[in-house]
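Engineer: with the input below, show me the fold.
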Amino acid sequence: MKSRCFRVMLSLVALTLVAACDGGSAGTPTPTSTRTTTQPPDVTEHESGPESPITYGLQVPRGATQLGPLIRYRSARLIAAYLPELKAAQAQKDAEARDKAAEKASEGTPTTPTTPTPDTRPSDDTFKLLDDPPKPDSTVSLMRIDGDPSDVVRRMLAQIAALLPDSGVSTDDLGNYCSSAQRRITKCRLAIQGIAQGDREIRVVMTVDPGKIATRTSGPSDLTRPVMTISVEYVGEPRKGQLSRESNSLDGVKSIDSEPEKSGLIWPKMDEDAPATSKLLNGWTAPTSATILLSGYHPSFVVITAKRAVDADVTAEQYVLANSPNGRISKDVVEDLNEVSTTYSTRTKNGGTARATYVLSARGNYSVLFYEPTSN
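Structural biologist: Purely as a prediction, here's the structure:
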């Protein structure tokens with residue numbers, strides 16, 4: 001009996017020693033790896049999938065995802081064309097206000113000064129005083145390429161070729177639009193101007209950025225995938241462009257499946273995304289109140305979202321102010337459909353352009369920041 005009890009006690013001691021070797025005692029923490037991996041934010045609620053409309057019948061191509069809203073703004077040419085009309089309307093309003101104040105003064109009714117009430121809502125449309133404010137003439141879509149990059153880019157080229165049929169856009173040779181080093185694509189750019197449906201003269205710019213090849217690093221929140229931008233601007237006579245709206249249909253888009261890609265260029269693979277704390281856009285870094293949805297190096301841009309509207313607005317305005325050599329910036333507010341877009345811009349000391357658009361929509365609060373070192 002004593003011998004059996006001794007064997008049981010010995011077994012318990014042995015089990016305790018094994019447990020101590022395997023995992024340590026309850027009071028001693030288990031050693032863990034010190035290596036950390038930055039997880040990208042969940043941005044699915046801010047995504048727009050394939051066939052989402054862009055403008056002039058163009059759509060997000062299959063294999064791509066748009067991040068954030070479409071950016072729609074008035075070009076400097078359009079603002080300049082309507083500015084005299086706006087100044088005349090403002091002068092008339094000011095004159096009526098003075099007449100009303102003088103009438104009250106003659107009747108002995110004192111004018112009661114009003115105290116501004118703090119408001120986080122965006123400003124009214126810049127051209128609200130006009131009976132028919134000019135509609136935005138410029139649109140930008142920012143996309144992440146999730147599918148095969150060559151196929152996605154060729155599908156986008158096929159749409160552009162259908163939109164501008166006389167432009168000679170080719171869809172079977174990426175070497176016409178993409179720069180490369182040792183057959184690895186470093187960046188792609190197409191800039192073309194032509195006549196679209198409705199006799200509308202437009203300029204289309206498409207860019208694709210695979211990331212930084214030297215470090216094999218994508219921009220923050222790019223998921224190690226290439227990013228593509230599409231910008232479309234009406235470049236005809238500004239007032240003529242307001243007389244009719246662009247068509248939302250696009251016919252004659254050819255399939256790319258029947259023609260193989262000729263260049264044989266290779267899309268380099270990226271190992272990781274740059275951290276959200278990286279310096280972007282001429283040294284700018286994202287505030288902690290913002291979440292980066294997408295970013296690019298060529299061209300330089302960042303799409304962010306913020307929980308509070310005021311944070312998104314301040315981020316856009318302060319970014320442009322930081323790039324202004326004299327502290328002066330331009331501001332234009334567009335009330336368009338179910339969104340309000342506020343665009344800030346300035347010319348930098350080096351002759352480039354810093355532009356940011358704050359978009360308030362039902363989906364969220366967004367700021368989209370751009371930096372162009374020199375004017376195109």
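Engineer: return the distance of the helix or strand hosting residue 228 from the chain's centre.
Structural biologist: When elements are defined using DSSP states H and E, residue 228 is found to belong to strand 227-234. From the chain centre to the centre of strand 227-234 is a distance of 11 Å (CA atoms, centre = their mean, to the nearest Å).
Engineer: and if you look at stretch 51-69?
Structural biologist: Stretch 51-69 sits 13 Å away from the centroid of its parent chain (CA atoms, centre = their mean).
Engineer: circling back: give me the sheet partners of the strand holding residue 228 and which way each runs.
Structural biologist: Here strand 227-234 has these sheet partners by DSSP bridges: strand 138-145 (antiparallel), strand 200-209 (antiparallel).
Engineer: what about residue 128, how many residues nearby?
Structural biologist: Residue 128 sits with 12 neighbouring residues when counted by other CB atoms under 10 Å. Bear in mind the C-beta positions are built from the backbone N, C-alpha and C, glycine included.
Engineer: sorry, that was for residue 218
Structural biologist: The criterion is other CB under 10 Å. On that basis, residue 218 has 26 neighbouring residues.
Engineer: check the gap between it and residue 297 for me.
Structural biologist: Taking CB to CB, to the nearest Å as the criterion, residue 218 is separated from residue 297 by 9 Å.
Engineer: which neighbours do the two share?
Structural biologist: Among the neighbours of residue 218, those also in contact with residue 297 (CB atoms under 8 Å, 6 or more residues apart in numbering) are 211-212.
Engineer: thinking again about what came up before, now what about the strand holding residue 228, what contacts it?
Structural biologist: With contacts defined as CB under 8 Å, 6+ apart, strand 227-234 is touched by 54-56, 58, 64, 75, 137-145, 152-153, 156, 200-209, 218-219, 241, 246, 294-296, 299, 301.
Engineer: any buried residues in the helix or strand following that strand, and which?
Structural biologist: Following strand 227-234 in sequence order, the next helix or strand is helix 238-243 (DSSP H and E). Residues of helix 238-243 classed as buried by neighbour count (16 or more other CB atoms under 10 Å): 238, 241-242.
Engineer: check which helices and strands helix 238-243 is in contact with.
Structural biologist: Packed against helix 238-243, as judged by 3 or more CB pairs under 8 Å, 6 or more residues apart in numbering; DSSP states H and E, are the following elements: helix 76-106.
Engineer: could I get the buried residue list for the helix it packs on?
Structural biologist: The neighbour-count criterion (16+ other CB under 10 Å) identifies 77-79, 81-82, 86 as the buried residues of helix 76-106.
Engineer: switch the buried residues of helix 238-243 over to CSV; also include pLDDT and distance to residue 371.
Structural biologist: Conversion of these to CSV gives the following (pLDDT from 0 to 100; distance: CB to CB, whole Å):
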residue, pLDDT, distance to residue 371
238, 95, 26
241, 91, 27
242, 92, 29
